[in-house]
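Next one to model:
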Amino acid sequence: MRPGPLRVLVVCLGNICRSPTAEAVLRQRLRDAGLDGAVEVDSAGTGDWHVGMPPDARSQRHARTRGYDLSKLRGRQIGAADFDRFDLVLAMDDHNLADLQMLKPPGARAEVGLFAPSAVPDPYHGPAAGFEHVLDLIEAASAEWVARLELRMARRPVGGT
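Numbers count the residues shown, from 1 in each chain. Take a look at the predicted model:
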């Protein structure tokens, strides 16, 4: 294992709805569990359409009603180096997972998998209820990830190596 904090990257298509929401929720849950210094979280998209842009206003609005602030986050596209910078690269759905598996360079160290047990649907083209559903799924998956990461941190050798 690489020394230092465990690094988690959550990925969706454009990095303006699902993955920034997951980044904010998971960060908050880790902070609540006392793991904010031990685990770092970031987000990215597989596409480049929204690089440098803030999360979708609807994502921000719905997240804010639950106490999550997405306003400082900015879209970015995943790159080959991310597969060595991060320990876990987690996709929001099977399509994103397939893209990540194709993008992962041979020999890269990151584990690639799904963020939630079932797909987190893209709410971008749907009604407001879709953003609430996404938050429900992300909050549940984040609670599971905190428990998993606590176990993983407990198994890490002293000094993080």
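
which other helices and strands contact the longest helix along the chain?
Longest among the helix segments of the chain by residue count, using DSSP state H, is helix 128-155. Helix 128-155 sits against strand 6-12, helix 18-32, helix 57-65, with contacts defined as 3 or more C-beta pairs under 8 Å, 6 or more residues apart in numbering; DSSP states H and E. The way it works is simple: take the backbone N, C-alpha and C, and place the C-beta from them, glycine included.

would you turn those into JSON lines with mean neighbour count?
Putting the helices and strands packed on helix 128-155 into JSON lines (neighbours: other C-beta atoms under 10 Å) gives the following:
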{"stretch": "strand 6-12", "mean neighbour count": "25"}
{"stretch": "helix 18-32", "mean neighbour count": "25"}
{"stretch": "helix 57-65", "mean neighbour count": "17"}
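
could you redo the ones you listed as JSON lines and give each row distance to Gly47 and mean pLDDT?
Listed next are the helices and strands packed on helix 128-155 as JSON lines, based on distance: least, C-beta to C-beta, whole Å; pLDDT from 0 to 100:
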{"stretch": "strand 6-12", "distance to Gly47": "9", "mean pLDDT": "98"}
{"stretch": "helix 18-32", "distance to Gly47": "11", "mean pLDDT": "98"}
{"stretch": "helix 57-65", "distance to Gly47": "16", "mean pLDDT": "98"}
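
Please report how far Arg61 lies from His133.
Distance, Arg61 to His133, using C-beta to C-beta, to the nearest Å: 15 Å.

Same check on Ser142?
Here Ser142 is placed at a distance of 15 Å from His133 (C-beta to C-beta).

for Val39, same thing?
As judged by C-beta to C-beta, Val39 and His133 stand 26 Å apart.

Pull the number of nearby residues for the spatially closest residue to Glu23 that is not a sequence neighbour.
Take Glu23 and drop its neighbours on the chain: the residue closest to it by C-beta to C-beta, 6 or more residues apart in numbering is Ser43, 3.9 Å away. By the criterion of other C-beta atoms under 10 Å, Ser43 has 29 neighbours.

which stretch of helix or strand covers the spatially closest residue to Leu137 that is not a sequence neighbour?
Nearest residue to Leu137, sequence neighbours excluded (C-beta to C-beta, 6+ apart): Val120, at 4.9 Å. Assigned by DSSP states H and E, Val120 falls within no helix or strand.
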